[in-house]
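**Q** Return a 3D structure for these sequence lines:
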Amino acid sequence: MMLEAIYLDIALLVLTAIIAPYLRKQPKILYVLASLALAFTLLVSLEESLSGTIATGEMVTDWFTSLILTIVLADILVVIASSFQALNLSPEGPSFIATLLLGITGLIGLSHAGTILMLLVSWILVSVTSYAMIALMKDKYSASGATKYGLMSLASSMLLLLSLTFVTTQDPKLSITPLSSPPIIVAVATLAFSAAAFGFKAGIFPFHGWLPDTYGISDPYPVAVVAAISKAAVILAFYKLAILIAPIVSSHWLTLLGILSVLTMTYGNITALLQKGFQGILAYSSIAHAGYILIGIAALSLPDPHLRYLAMLGLLMQLVTYSFAKTGLFLLAKLIRQKESPPLKLEHLNGLSRVDGSLAASSLILVLSLMGMPPLVGFWGKLFLFFSVVGPATWLTAIALINTGIAAAYYARIIKAMYFEPGSPNLSKDRGLKVAVIISAIISLLAGFIPIFLPIQ
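**A** Next up is the predicted model:
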């Protein structure tokens with residue numbers, strides 16, 4: 001019965017995407033259909049996470065992949081359900097919705113991928129649609145960011161194809177199951193090329209070159225959506241790769257991804273400190289958060305099931321933190337930044353608390369969550385991630401703690417601008433986007449209580 005629901009779910013998303021261009025003159029109908037399709041997808045994914053493992057050939061999923069999908073779907077639904085005015089005013093609104101629904105279909109494929117072929121096709125679909133959503137805004141800043149994003153997405157897909165070619169030499173059935181005993185050189189090569197492929201997508205150092213332009217200067221509305229989808233896609237892809245080769249390259253896996261994590265979070269945090277633009281800070285902060293996520297991914301190779309479980313909980317909590325906080329803060333940027341105008345500087349936030357107290361308070365919660373302030377969800381995400389490697393890689397936990405302190409400095413600059421600097425931001429009249437920011441903050445606040453109910457093994 002669950003499989004039928006998944007197939008129906010995919011059919012609804014694809015069908016809605018196909019008919020979207022024909023509903024340009026009936027935006028309310030398209031808006032309702034898209035919201036219903038996403039809501040149904042969310043319910044199916046939530047039911048999957050409660051039902052346990054599903055394994056039927058091409059379709060393989062478990063509680064972890066289902067919850068990753070659920071988190072992103074909830075985040076996207078918050079955005080779309082609040083975006084009627086923003087999408088209705090844009091001539092590319094129907095195309096954006098169609099592209100987004102196809103991207104969600106690709107994310108479903110990644111979550112359920114039971115074969116290498118399904119993993120590769122789903123990855124390409126997510127990559128292409130992510131690039132297209134940025135490009136659809138058509139202003140000169142988005143065009144520049146989308147061009148670099150498109151080139152990096154192409155490089156990512158080609159590297160992933162190359163890395164998975166190594167695996168096919170060991171498993172002609174192409175199933176995502178632990179490889180029996182491949183030569184260590186094959187497994188290490190697969191890990192190295194896959195890390196590069198996923199690194200281009202997530203903005204992992206040194207494959208991050210596109211991200212500052214895409215996130216830092218493009219129209220912030222599509223970035224609010226793409227940021228969550230991209231990070232979820234990388235977590236899912238690494239998780240599937242871990243099933244294939246992690247037991248074989250355990251020490252290499254932890255070392256390589258640990259080093260990439262240190263380089264990524266350190267580069268992202270230090271560079272964010274130097275930024276004068278609000279979107280620039282958010283962009284380099286996204287690079288830093290890719291480094292934190294890599295800690296949990298590195299721990300997926302550990303032989304201790306308790307540590308792996310902590311890493312998975314940390315990845316889930318960190319994805320909740322990142323998805324809703326970045327969504328809310330990029331939508332805040334959209335509320336202030338006018339179309340075709342340059343990227344926001346930090347000074348554009350000056351005096352926000354005096355202009356709109358509820359919006360400033362919501363943004364404060366999101367910033368504190370990214371900072372890792374207890375009891376918000378961001379605190380729990382970092383706590384679980386750091387504890388998962390504190391024994392096997394104490395050096396990684398120590399450097400991550402130092403980076404958390406560095407990050408607090410530039411997050412404090414955002415808070416200072418909103419609450420302690422004189423100014424009067426010119427906010428958009430779009431109440432829907434403001435509601436989305438507030439809902440994102442509420443979810444970030446309430447999600448901080450989830451660990452109380454989690455079974456810690």
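**Q** Quick check: Ile10 vs Leu117, distance?
**A** 16 Å (Cβ to Cβ, to the nearest Å). Just so you know, the C-beta spots here come from the backbone N, C-alpha and C atoms, and that holds for glycine as well.
**Q** Setting aside sequence neighbours, what's the nearest residue to Ser175?
**A** Leaving aside its sequence neighbours, Ser175 sits nearest to Thr115 (Cβ to Cβ, 6 or more residues apart in numbering; 5.6 Å).
**Q** gap between the one you found and Ile270?
**A** 41 Å.
**Q** Comparing the two, which residue is more hemmed in?
**A** The neighbour comparison of Thr115 against Ile270 (other Cβ atoms under 10 Å) goes to Thr115, with 19 against 15.
**Q** what sits against the more buried one?
**A** Contacts here follow Cβ atoms under 8 Å, 6 or more residues apart in numbering; on that basis Thr115 touches Gly57, Glu58, Leu174, Ser175, Ile176.
**Q** mind running it again at 7 Å?
**A** Counting by Cβ atoms under 7 Å, 6 or more residues apart in numbering, Thr115 makes contact with Glu58, Leu174, Ser175, Ile176.
**Q** Count residues in the vicinity of the second one, would you?
**A** Counted by other Cβ under 10 Å, the residues lying close to Leu174 total 16.
**Q** and if you look at the last one?
**A** Neighbour count of Ile176, defined by other Cβ under 10 Å: 20.
**Q** Next, the contact list for it, please.
**A** Val60, Ala113, Gly114, Thr115, Ile116, Leu119, Lys240, Ile243, Leu244.
**Q** I'd like to know which of those residues is nearest to Ser127.
**A** Of all those, Leu119 has the smallest distance to Ser127: 12.5 Å, by Cβ to Cβ.
**Q** ok so the closest one is a helix residue?
**A** Yes: under DSSP: H, G, I helix; E, B strand; the rest coil, Leu119 falls within a helix.
**Q** so what's Asn403 closest to, chain neighbours aside?
**A** Met265 (4.6 Å).
**Q** Please apply the same query to Ala192.
**A** Leu256 (7.1 Å).
**Q** Check what pLDDT the one you found gets.
**A** On pLDDT, Leu256 comes in at 87.
**Q** contacts for the helix or strand where it lies?
**A** Per DSSP states H and E, Leu256 falls inside helix 250-273. Residues outside helix 250-273 that contact it (Cβ under 7 Å, 6+ apart): 188, 191, 195, 204-205, 246, 281, 284-285, 287-288, 290-292, 294-295, 297-298, 301, 303, 392-393, 396, 399-400, 403, 406-407, 409-410.
**Q** and the gap between Gln318 and Leu244?
**A** Taking Cβ to Cβ, one finds Gln318 at 23 Å from Leu244.
**Q** ugh, wrong one, Thr41
**A** Counting by Cβ to Cβ, the gap from Thr41 to Leu244 is 27 Å.
**Q** quick one: which of the two has more around it?
**A** Thr41 (27 against 24).
**Q** Wait, Leu236 touches Ile68, no?
**A** Yes: between Leu236 and Ile68 there is a contact under Cβ atoms under 7 Å: 5.8 Å.
**Q** and for the two, which residues touch both?
**A** Ser111.
**Q** Tell me where the protein has strands.
**A** 54-56, 59-61 (DSSP state E).
**Q** Low-confidence bits of the stretch 51-200 of the chain, can you list those?
**A** For the stretch 51-200 of the chain, the stretches with pLDDT under 70 are 52-57, 86-91, 138-150, 153, 166-173, 177-183.
**Q** sorry, back to before: which of the contacts of Ile176 fall in helices?
**A** Ile116, Leu119, Lys240, Ile243, Leu244 (DSSP state H).
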